[in-house]
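**Q** Quick one: sequence and predicted model below, then my questions.
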Amino acid sequence: MSEQSQAFLRQLFERAVEVADPMKSLAAHLPEKPDGRIVVIGAGKASARMAEAVEAAWGPCEGFVITRYGYARPCEGIEIVEAAHPVPDEAGRDATQRLLSYLEGLGEGDEVLALISGGASALLTAPAGEITLAEKQEVNQKLLSSGAPIGQMNVVRKHLSKVKGGQLAAAAYPAKMYALLLSDVPGDDPAEIGSGPTVGDQSTADDVKAILGQWEIQVPESVREVLTKPTGVLSPDAPELSRVTNKIFAAPSQSLEAAKVLAEEKGFDVEILGDALEGEARDVAAEQARLARQRKAERAGSGKPLVLMSGGELTVTRRGNGVGGPNAEFALALALALDGAEGITAIACDTDGVDGAAEVAGAVIGPDTLPKARAAGHSPEEALAQNDAHGFFERIGDQVITGPTLTNVNDFRAILVE
């Protein structure tokens with residue numbers, strides 16, 4: 001692929017990330033700082049950056065926030081603690097207990113500012129019933145490898161937790177809570193962001209059992225025991241949630257729109273395929289490859305290039321021994337489906353800089369991707385079969401590595417049709 005095309009695609013991705021940076025987008029949604037006691041809590045991959053933005057607007061605050069390893073930010077008053085994502089660890093469990101302690105004894109005159117972003121599902125770790133951390137880790141890993149969509153994974157997570165599904169907000173009651181949410185989920189449903197720690201949910205234990213059965217996930221006896229007892233997940237109309245306001249301040253649609261504006265300013269046509277796409281990464285890649293070929297044929301001779309953009313959250317069903325990663329797997333499957341088609345290049349990256357469990361945002365592909373790999377003795381077909389897309393792109397030098405972006409509005413995909 002040409003360096004010019006690759007640089008342009010990287011610019012679009014960087015613009016999508018930039019517009020979702022809490023330091024640029026959060027302050028406009030903050031109320032005036034209360035005169036009384038205000039406690040700031042939070043969890044997620046963007047939560048430390050959100051806390052930094054709060055203190056930039058309000059000055060030093062009392063509070064406690066849990067973020068992913070490597071994602072901490074300097075704050076004067078709010079304590080930032082790091083823990084594991086996407087599989088929870090002891091640091092996350094211990095930090096969650098400390099976070100809950102900040103909410104103990106709050107009264108009607110107190111206020112809580114909650115900062116929630118994607119990643120909170122793993123970082124807020126308080127297993128329900130007698131479930132151990134090791135068992136919670138086991139179930140979480142199986143969910144991640146199953147291919148289940150994020151909405152179903154979050155239903156399971158809520159009912160196996162003491163903090164998700166509105167339970168974190170309930171712990172602060174009767175204090176007033178204002179929750180700022182950075183969306184990383186298809187459809188921007190507040191109940192899905194971080195498994196909805198400040199939002200009620202109508203799902204039941206029977207729904208959890210059905211999901212586990214659908215994806216053939218075997219769970220420990222302690223999990224089955226929890227599902228026989230009344231759930232801690234709160235109904236949306238529960239009295240404990242009556243003093244909570246949830247506000248989404250940044251979402252995938254805003255990032256796609258910002259990238260669209262940039263592309264149009266540079267003379268490109270843009271077609272947005274949706275900001276909430278879901279499905280198996282390789283299947284979505286095959287469909288978008290077909291569409292890119294179709295658009296190329298339709299526009300032959302027009303002279304004006306087109307960018308196909310999409311967001312959402314794709315999934316990977318673990319079939320082999322590779323690291324996986326939905327963006328890298330999408331890119332590899334797209335390259336195979338395009339089979340070297342001239343004039344088509346693409347980028348697929350996660351806006352948080354972490355694709356699956358890899359410290360890699362994603363990858364770029366073009367007409368030379370498959371020939372370059374095969375000439376070096378690397379089989380793209382075998383890499384896809386083994387879910388080894390990250391290894392494949394590392395070997396041919398086409399990974400996109402950003403480090404922590406400090407935000408998270410999920411996947412960004414752009415296909416350039418010249």
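**A** Great, that's in hand.
**Q** use CA for all of it now, contacts and neighbours both
**A** Fine.
**Q** In the sheet, which strands lie alongside the longest strand seen in the chain, parallel or antiparallel?
**A** Longest among the strand segments of the chain by residue count, using DSSP state E, is strand 306-315. Strand 306-315 pairs in its sheet with strand 269-272 (parallel), strand 277-280 (parallel), strand 411-417 (antiparallel), by DSSP bridges.
**Q** mind saving the C-alpha coords of it as CSV?
**A** Extracted C-alpha coordinates of strand 306-315, given in CSV (Å, rounded to 0.1, in the frame of the first residue of the first chain):
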residue,chain,number,x,y,z
LEU,A,306,-14.4,7.0,-1.3
VAL,A,307,-14.0,6.1,2.4
LEU,A,308,-16.3,3.5,4.0
MET,A,309,-16.3,4.0,7.8
SER,A,310,-17.8,2.0,10.6
GLY,A,311,-17.7,1.6,14.3
GLY,A,312,-19.2,-0.8,16.9
GLU,A,313,-17.8,-3.8,18.6
LEU,A,314,-17.0,-7.0,16.7
THR,A,315,-16.2,-10.4,18.3
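**Q** Report the distance from it to the chain centre.
**A** 14 Å (C-alpha atoms, centre = their mean, to the nearest Å).
**Q** what comes into contact with that strand?
**A** 147-150, 184-186, 252-253, 256, 263, 268-281, 292, 326-327, 410-418 (C-alpha atoms under 8 Å, 6 or more residues apart in numbering).
**Q** before we move on, what about stretch 211-229?
**A** Applying C-alpha under 8 Å, 6+ apart, the external contacts of stretch 211-229 come out as 128-131, 135, 139, 142-143, 146-148, 152, 156, 159-160, 205-206, 208-209.
**Q** Just the strands from this structure, written as ranges.
**A** 38-43, 62-68, 78-83, 111-117, 176-182, 244-250, 269-272, 277-280, 306-315, 344-350, 362-365, 399-400, 411-417.
**Q** Mind putting those strands into JSON lines with distance to Gln97 and mean pLDDT?
**A** As requested, those are exported to JSON lines (distance: least, C-alpha to C-alpha, whole Å; pLDDT from 0 to 100):
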{"stretch": "strand 38-43", "distance to Gln97": "12", "mean pLDDT": "98"}
{"stretch": "strand 62-68", "distance to Gln97": "11", "mean pLDDT": "97"}
{"stretch": "strand 78-83", "distance to Gln97": "12", "mean pLDDT": "98"}
{"stretch": "strand 111-117", "distance to Gln97": "16", "mean pLDDT": "98"}
{"stretch": "strand 176-182", "distance to Gln97": "19", "mean pLDDT": "98"}
{"stretch": "strand 244-250", "distance to Gln97": "21", "mean pLDDT": "97"}
{"stretch": "strand 269-272", "distance to Gln97": "42", "mean pLDDT": "97"}
{"stretch": "strand 277-280", "distance to Gln97": "33", "mean pLDDT": "94"}
{"stretch": "strand 306-315", "distance to Gln97": "30", "mean pLDDT": "96"}
{"stretch": "strand 344-350", "distance to Gln97": "30", "mean pLDDT": "98"}
{"stretch": "strand 362-365", "distance to Gln97": "34", "mean pLDDT": "98"}
{"stretch": "strand 399-400", "distance to Gln97": "36", "mean pLDDT": "97"}
{"stretch": "strand 411-417", "distance to Gln97": "31", "mean pLDDT": "97"}
